[in-house]
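Colleague: Sequence first, then the predicted structure, then my questions.
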Amino acid sequence: MQEVIGRDRQLTAEDGAGVASALRGVALSVARRLLFLVTPALILGAWYIVAENQWVQPFLLPHPFVVAERFQAVAADGTLWRHTRVTLQEVLIGLSIGAAVGVFLGYWIAKISLLETLISPIVVVFQATPIVAYAPLLVIWFGSGIESKIITCVLIVFFPILLNTVTGVRGVPRDLRDLMRVSNATRWQTFRKLEVPAALPVLLTGLKTGATLAVIGAVVGEFIAANAGLGFLLNTARQRYDTPLVFVAAIALALMAGLLYIAVTLLERRVLARIGR
Amino acid sequence: MPAGLTARDVVVRFGGLHALGPASLAVAAGQFVALVGPSGCGKSTLIRAFAGLQSLNQGAVYIDDQPVRQPSPRVQMMFQSANLMPWRTVRDNIALPLELAGVPRHEREARVAALLPMLGLEGFEEALPSELSGGMAQRTALGRVLVARPDVLLLDEPFGALDAMTRERVGFDLLDTLRDAPKTVIMVTHDIHEAVLLSDRVLVMSGRPGRIIEDVAVTLPRPRRLDMVYEPQFAEIARAIRAAIRF
């Protein structure tokens, strides 16, 4: 009898522990979801403390509140949006053209080995040279307007997309290619029903890399010579030692690159879910 | 209508490597022939020649006296792995040859639906290959070759990746379908037991460069049953084949 009671008590205790651990589990999973906020919060906190105590001179490290105020001001008078729009335009057009060129060239390089022999030396040399080396030339050729930045974007974006396209198309299993041949598939059917869905996951990874690089390309172009854009804003703010504005422009660029990355990631997820990956 | 298959003095070289031949064989329409032989003897190369996937250095292969120069719509091939498209459901994988041939959707779906019960895949139409067991994946692949109603089936170690029990079941599923819709079959296999159990004739190939060195008739009656493996006749045929294979 006593043994039974003892066992009952033990069971109750275990039940209690079960509920507690379930609650702890929920709390942990919520905490884990918010975990990505920890590092930014720590950095912001450190920035606040350093600025508040003036351990660093304000023209080197402005107070976060000053930066926030400045952000609000340039956002309110339309300055920020005007420059953001220019950079965003350069990035999106450059990314689109770069992706199109990269996918097109990559596909044919993957299919025709002669083309690889002919093209790869130029591509490799071109890619090994930092884009900053070409950017001034592009500005001389195409002017200080939006065109030279778009071309800078295209040049920096197309390479990772080309590489991933080649990898993706070459990675299509030989047995599946044979299956298409045995089934008398046309070239177009093989492309649409085999190569595209098989290569898409790798290609989208390239697009993600390309999206972040596109922002770099646009800013590099704007640094050389421009009359608008976030890179231009940042550069002029730096020349005037307007450090809060440098921060504002940098934060805007970070937000743009981050959102672009998230957008491509969401697109990737949707496409992969759609083709059942 | 099942087609007769002929190979005449087929030779294949891969670069300097003499991989196959000269190999000659003739398979009567509707016959089920198993091709056995040591690894690397060119068994797969030979059936790839019938599929129109392999260019020959010498000789020729024929389907009903028509020389094979490119893949024929009368021929379907089953591969070592299930070789399914991972982004397509079971239904869409099976329907692929019809889709490529331009068969309208409603007819495709009707023909796939008619095959599913025999394949034991009812209720799995919408499953993706990643959700299937090895046996189910291979049955999906079997559905894909049958749906096009080919006259010739080329099977390249189709059940090699399956466990012994599943392999027997899928093999008998195949025989069942052949009874309703006769086809000429060449099956490459490493498994003598499977070769005897399923085929009418077993061709033994030599080591590389592979030639046909033995032609063993399988005189077991049809329909085949699993317990035939215990009959003395089965053991005799299997022994004759085993003796002919020289590694």
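Modeller: Happy to help now that I have it. Residues are numbered from 1 along each chain as shown, chains lettered A, B, ... in the order given.

Colleague: dump the residue contacts of residue 69.
Modeller: No chain was given, so I picked chain A. Contacts were defined as CB atoms under 8 Å, 6 or more residues apart in numbering or on different chains; by that measure residue A:69 touches residue A:244. Where you see a C-beta, it was placed from the backbone N, CA and C, and this is true even at glycine.

Colleague: wait, chain B
Modeller: Under the criterion of CB under 8 Å, 6+ apart, the neighbours of residue B:69 are residue B:52.

Colleague: domain ranges for chain B?
Modeller: Chain B is divided into the following domains under automatic domain parsing: B:13-74+B:151-247, B:83-149.

Colleague: can I get the ones you listed in TSV with mean pLDDT?
Modeller: As requested, the domains of chain B are exported to TSV (pLDDT from 0 to 100):
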stretch	mean pLDDT
domain B:13-74+B:151-247	87
domain B:83-149	90
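
Colleague: which strands and helices sit next to the longest helix that chain B contains?
Modeller: Selection of the longest helix in chain B by residue count, based on DSSP state H, yields helix B:164-180. Helix B:164-180 makes packing contacts with helix B:105-119, helix B:134-147, helix B:192-198 when contacts are defined by 3 or more CB pairs under 8 Å, 6 or more residues apart in numbering or on different chains; DSSP states H and E.

Colleague: Please enumerate the strands of chain B.
Modeller: Secondary structure of chain B by DSSP state E: the strands cover B:5-14, B:17-27, B:32-36, B:58-63, B:66-67, B:75-78, B:152-156, B:184-188, B:201-205, B:212-217.

Colleague: Save those as CSV, and put in distance to chain A and mean neighbour count too.
Modeller: Below are these laid out as CSV (distance: least, CB to the nearest CB, whole Å; neighbours: other CB atoms under 10 Å in any protein chain shown):
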stretch, distance to chain A, mean neighbour count
strand B:5-14, 14, 19
strand B:17-27, 17, 19
strand B:32-36, 18, 25
strand B:58-63, 13, 17
strand B:66-67, 15, 10
strand B:75-78, 5, 26
strand B:152-156, 8, 25
strand B:184-188, 14, 26
strand B:201-205, 21, 24
strand B:212-217, 23, 16
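
Colleague: any chance of those in CSV, plus distance to residue A:208?
Modeller: Formatted as CSV, these follow (distance: least, CB to CB, whole Å):
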stretch, distance to residue A:208
strand B:5-14, 40
strand B:17-27, 43
strand B:32-36, 47
strand B:58-63, 48
strand B:66-67, 50
strand B:75-78, 37
strand B:152-156, 38
strand B:184-188, 43
strand B:201-205, 50
strand B:212-217, 54
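
Colleague: Which one of those lies nearest to residue B:140?
Modeller: Residue B:140 sits nearest to strand B:75-78 of all the strands of chain B, at 10.9 Å, using CB to CB.

Colleague: packing partners for the closest one?
Modeller: Contacts defined by 3+ CB pairs under 8 Å, 6+ apart place strand B:75-78 against helix A:174-182, helix B:134-147, strand B:152-156.

Colleague: can you list contacts of stretch A:228-247?
Modeller: When contacts are taken as CB under 8 Å, 6+ apart, the neighbours of stretch A:228-247 outside the stretch itself are A:58-62, A:66-67, A:69-70, A:74, A:79-80, A:82-84, A:86-87, A:90, A:149, A:218-223, A:226, A:248-250, A:252-253, A:256.

Colleague: Show me what counts as buried in it.
Modeller: A:228-237, A:242-247 (16 or more other CB atoms under 10 Å in any protein chain shown).

Colleague: What of stretch A:75-82?
Modeller: Of the residues in stretch A:75-82, those buried by neighbour count under the rule 16+ other CB under 10 Å are residue A:80.

Colleague: Check the offset of that stretch from the chain's centre.
Modeller: Taking CA atoms, centre = their mean, to the nearest Å, one finds the center of stretch A:75-82 at 24 Å from the center of the full chain.
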